[in-house]
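Colleague: how would this look folded up:
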Amino acid sequence: MALIRISFIFLAAWPLLAECRVPDLAPGAVSRLTAPELVDTGHYLRAEKALSMPATPQEQWLLSKTKAALGKLDEAMTLAEAALAADPNNAAYHVQVAAVSGRLAEKASFLKKLGYVRRAKQELDAAAALDTKNTEAQWGLMMYFYAAPPLVGGDKARAQQIGEQLATAVPDLGRYYQGRLAEELKDPEKAEAFYKQSAGENPMLFDTISALAMHYIRTKADQPRAERWACQAVHSDPVRGEAWALLARAYTMCGCWDKAVNVAKLAQEADPDNRASWFALAEAAVERGEQTEPAIAWMKKYLENPTEGNQPGEAVARMHLAQLLVKAGKQADALPELRAAVELDPTLDLAKAELKKLTSDIKNQETGKN
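Modeller: Numbers count the residues shown, from 1 in each chain. The predicted structure follows:
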C-alpha cells in the first residue's frame, strides 16, 4: 500500500505529555492508491470516480461500499445485489447486502424496516455459514442481536457471547468489536478496557486507535491521552483525513488553536478531498464558545468541497455555521443556513429548534424597530 507506515512498538510506553511529531507526507500518496486501498482507507470520493464503470463483481462490491459511505443507499443496494448474484458463494458480498439493508432499515417505515432487518439477518447467516472466520459477518451478527427487538430474535446476551468468541479467534479485531458493543451498551469503562486490549494486540489497527482517541475526546475528556492516540492515528495512516481531524480536535481541548489550524492545513495537503479537520475545528469552536470568526471561515472551507464518505453531513455543517453566525451577530446570514440544514435533513431537530428561535428573534427585532 502506498502509505507511510512506521512501527509503534515505542508508542506503548510513550509519555502522555510528549509532543506529537507528525510524519512527513509523501507527495501524491493518495493518487497512488488502488481502488481497494481507496475504499479501505476512506477515500470514497476518489473511489467513486475510479470505480465508475465496475466490470467485475469485486468492483461492484467495492463501489457498493463506496456508495453506502456516501449515503447513496439505493445505488449501493443495486450494486451489492449484482455482485452477490454473480458470486453467491462470496461471504463478503452477503455481508455488504446485509450492511446496506441495515442502513436502509434506519429510515424505513415499520413494515419495510422489518423486511430489511430480516434480510440483513438472512445475509449475515449466509456469510457466516460460508466463512466462519469472516469478522465483518460476526460483527454484523453481534449488532443484529444487540439492536433487533426480541420479536425478530434480538438477544443482547447472545451479542456479547459472539463478541467473546470473536475475541478468542481474532484478538485484535475481536476486542475492538467488543469495545464498540460496550459503547452501545452504555458502558464506557468496559469499552475503554476492550480498546486498550485491542491496541495491545495490534497497535497498528486504525479503528482501535481512532476509537481510543475519540473516547478521550468525547466520552472521558483527557487531552494528553486524546493527543497521544490521535497522534498515533496520524502515524498509522498519514493520508487519512479522519486521523488528522482527531489530532486537530485534540489540540482544541487545550485551547492550542494555532497547533490545531496547522494540523488542518497539513490534513488538506495530505488529502484535499477530506476537509474533516476544518469541521472538527469549527465544531469545537461552537462547543467551547471560542474562535467564532475564524470558525466561520473554517466551516465554510469544509463546505467548499463535496462531503467525503462517513463524514459529518452538509446539514449538520450548515447548522453549526448558522450557530457561529448568530454568535457573531450575523442573524440575517444565519437564517438561510438553518433553512438549508432543515431542508437537507428534516429529522435534524436541533436545526429546526434553532430556526424557530432565530425566526422569532428576527421578527421581534423588526417589530421593535417599527
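Colleague: ok, how many other residues are close to residue 262?
Modeller: 14 (other C-beta atoms under 10 Å). Placement of C-beta: from N, CA and C, glycine included.
Colleague: with residue 74 instead?
Modeller: Counted by other C-beta under 10 Å, the residues lying close to residue 74 total 10.
Colleague: which SSE is it in?
Modeller: Per DSSP states H and E, residue 74 falls inside helix 73-86.
Colleague: and that helix, what does it pack against?
Modeller: Applying 3 or more C-beta pairs under 8 Å, 6 or more residues apart in numbering; DSSP states H and E, one finds that helix 73-86 makes contact with helix 57-69, helix 91-106.
Colleague: which of those helices sits closest to residue 350?
Modeller: Distance to residue 350, taken as C-beta to C-beta, is lowest for helix 91-106 among these, at 18.4 Å.
Colleague: by contact count, what packs against that closest one?
Modeller: Using 3+ C-beta pairs under 8 Å, 6+ apart: helix 91-106 touches helix 57-69, helix 73-86, helix 110-130, helix 135-147.
Colleague: average pLDDT for the third one?
Modeller: The average of the pLDDT scores along helix 110-130 is 94.
Colleague: got the CA coordinates for it in CSV?
Modeller: Extracted in CSV, the C-alpha atoms of helix 110-130 (Å, rounded to 0.1, in the frame of the first residue of the first chain):
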residue,chain,number,x,y,z
PHE,A,110,-42.2,0.0,10.3
LEU,A,111,-43.2,-2.7,7.8
LYS,A,112,-40.3,-2.0,5.5
LYS,A,113,-37.9,-1.9,8.4
LEU,A,114,-38.9,-5.4,9.4
GLY,A,115,-38.2,-6.6,5.9
TYR,A,116,-34.8,-5.0,5.8
VAL,A,117,-33.9,-6.4,9.2
ARG,A,118,-34.9,-9.9,8.3
ARG,A,119,-32.9,-9.6,5.0
ALA,A,120,-29.9,-8.4,7.0
LYS,A,121,-30.1,-11.4,9.3
GLN,A,122,-30.5,-13.8,6.4
GLU,A,123,-27.4,-12.5,4.6
LEU,A,124,-25.3,-12.5,7.7
ASP,A,125,-26.2,-16.1,8.5
ALA,A,126,-25.3,-17.0,4.9
ALA,A,127,-22.0,-15.2,5.2
ALA,A,128,-21.1,-16.9,8.5
ALA,A,129,-22.0,-20.3,7.0
LEU,A,130,-19.8,-19.7,4.0
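Colleague: give me the buried positions along that helix.
Modeller: Under the neighbour-count criterion of 16 or more other C-beta atoms under 10 Å, helix 110-130 has 114, 116-117, 119-121, 123-128, 130 buried.
Colleague: packing partners of the helix or strand hosting residue 36?
Modeller: Here residue 36 is covered by helix 35-40, with elements defined by DSSP H and E. Secondary-structure packing of helix 35-40 (3+ C-beta pairs under 8 Å, 6+ apart): helix 44-50, helix 57-69.
Colleague: need the contact partners of the shortest one.
Modeller: Counting contacts by C-beta atoms under 8 Å, 6 or more residues apart in numbering, the residues outside helix 44-50 that touch it are 30, 33, 35, 38-39, 62-63, 66-67, 69-70, 273, 306, 308-310.
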